[in-house]
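*Asks:* curious how this folds, go ahead:
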Amino acid sequence: MLVAAPKPEDAPRTRAQPLSEIGCDSVGMPCISLAARVPVPRAARAFYHCAAACYHEAPMGRTAGIILIGNELLSGKVVDANAAYLCRELRALGVDVRRIVVIPDEVDQIAAEVAQFSGRFDVVFTSGGVGPTHDDVTIEGVARAFGVPVVRDARMVEVIQRFSGGNLNAARLRMAEIPEGALPMMGDGLVFPAVVMKNVYVLPGVPELFRQKFEGLKEQFRDEPFHLVSVFLSVGEGTLAEHLNEVVRGYPELMLGSYPELANPEYKVKVTLESKDRTYMERALGDFLARLPASVVVRIQQ
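*Replies:* This next block holds a predicted model:
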């Protein structure tokens, strides 16, 4: 029997890990694995240190990690569309994405990242490597991460048999292989199950299929929402840096971001204030605005 996706209130809950157990980059910011680091301007480093302290003090509710798998991503043959989509969707659900990695189609690397992510985040999503061809090795990597064999699942065979009209060849039967102990999970509108191993959701790399799978499962991930306000300003970050530092020091549970716009005729910087506590966010907003001349505020968007 295929397993239905749990309702949000029934989904297993674990708390987030403190960022001190997750790791930071060279300027103290939460880690996102990248092939190359972008140099941080000296004037911004003090702010980034304060922002990092804010994250250390205030791990959010449910956390997520995303593992993108595919040689084609690392070689530039294919541009990933799944991470940006998933980050937006999870944020709207109240889930805090803490890390994204891109790795090749190699079983050992998949196993290492899945094992690390599974222990570090509440929920993990993999993208790619689940087809019937030689380079689709994600299932094997996930199985190795949990120290279990890959088995052919009778429930998956039944689904594949229906899809193929009974024409089961070796390639199609490979799609029925899952880590031992994993669950084929159905969700709203899904015609083919997603494979779920503990807190790891194995999703396809094709963007249309990836979105279809996630849409069918997403309600089980819903958490307390984030409350966000954006302030658009006509002055640059050099003018704002000390004000931002003061706000972060005064509101250590606030997520504060500063995003310059070099070619926007309307504003120079967008500042975002975000928290799961609306009242706390609004107090921080009032404090920030009180530090600025009213003339530099272009608009405020909630």
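*Asks:* quick one: residue 69 and residue 248, what's the gap?
*Replies:* 36 Å (CB to CB, to the nearest Å). The C-beta positions use only the backbone N, C-alpha and C, and glycine is treated the same way.
*Asks:* do the same with residue 111
*Replies:* From residue 111 across to residue 248, the span is 38 Å (CB to CB).
*Asks:* who's more crowded, residue 69 and residue 248?
*Replies:* Ranked by neighbour count (other CB atoms under 10 Å), residue 69 and residue 248 place residue 69 first, with 29 against 21.
*Asks:* pretty sure that one contacts residue 202?
*Replies:* No. Using CB atoms under 8 Å, residue 69 is not in contact with residue 202; the gap is 9.7 Å.
*Asks:* which neighbours do these two share?
*Replies:* Taking CB atoms under 8 Å, 6 or more residues apart in numbering as the criterion, residue 69 and residue 202 both touch 126, 138.
*Asks:* and the strands in this structure?
*Replies:* Counting by DSSP state E, the chain has strands at residues 3-4, 63-69, 96-103, 123-127, 150-152, 177-179, 183-186, 194-197, 200-203, 227-233, 255-260, 269-275, 297-301.
*Asks:* got those strands as TSV, with mean pLDDT columns?
*Replies:* As requested, the strands of the chain are exported to TSV (pLDDT from 0 to 100):
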stretch	mean pLDDT
strand 3-4	62
strand 63-69	99
strand 96-103	98
strand 123-127	99
strand 150-152	97
strand 177-179	97
strand 183-186	92
strand 194-197	96
strand 200-203	98
strand 227-233	98
strand 255-260	98
strand 269-275	98
strand 297-301	98
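*Asks:* quick one, which of those is packed in tightest?
*Replies:* Among the strands of the chain, the stretch with the highest mean neighbour count (mean count of other CB atoms under 10 Å) is strand 123-127, at a mean of 27.
*Asks:* give the partner strands of that strand in its sheet and their orientations.
*Replies:* Strand 123-127 has its sheet partners listed here by DSSP bridges as strand 63-69 (parallel), strand 200-203 (parallel).
*Asks:* residues touching that strand, excluding its own?
*Replies:* If you take CB under 8 Å, 6+ apart as the criterion, strand 123-127 is touched by 62-70, 80, 82-83, 86, 95, 110, 114, 117-118, 138, 142, 199-205, 210, 214, 221.
*Asks:* the same query, at a cut-off of 7 Å, please.
*Replies:* 62, 64-69, 82, 86, 114, 117-118, 138, 199-203, 205, 210, 221 (CB atoms under 7 Å, 6 or more residues apart in numbering).
*Asks:* what's the closest of the strands of the chain to residue 75?
*Replies:* Of all the strands of the chain, strand 96-103 sits nearest to residue 75, with 10.8 Å by CB to CB.
*Asks:* against which helices or strands is that closest one packed?
*Replies:* Counting contacts by 3 or more CB pairs under 7 Å, 6 or more residues apart in numbering; DSSP states H and E, strand 96-103 is packed against strand 63-69, helix 82-92, helix 107-120.
*Asks:* most tightly packed of these?
*Replies:* Note that of these, strand 63-69 is the most buried (mean count of other CB under 10 Å), with a mean of 25.
*Asks:* where in this structure is pLDDT low?
*Replies:* Low-confidence segments of the chain (pLDDT under 70): 1-60.
*Asks:* what would the strands of the chain look like in JSON lines with distance to residue 134?
*Replies:* Listed next are those as JSON lines, based on distance: least, CB to CB, whole Å:
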{"stretch": "strand 3-4", "distance to residue 134": "29"}
{"stretch": "strand 63-69", "distance to residue 134": "14"}
{"stretch": "strand 96-103", "distance to residue 134": "17"}
{"stretch": "strand 123-127", "distance to residue 134": "18"}
{"stretch": "strand 150-152", "distance to residue 134": "15"}
{"stretch": "strand 177-179", "distance to residue 134": "14"}
{"stretch": "strand 183-186", "distance to residue 134": "23"}
{"stretch": "strand 194-197", "distance to residue 134": "19"}
{"stretch": "strand 200-203", "distance to residue 134": "18"}
{"stretch": "strand 227-233", "distance to residue 134": "44"}
{"stretch": "strand 255-260", "distance to residue 134": "42"}
{"stretch": "strand 269-275", "distance to residue 134": "44"}
{"stretch": "strand 297-301", "distance to residue 134": "49"}
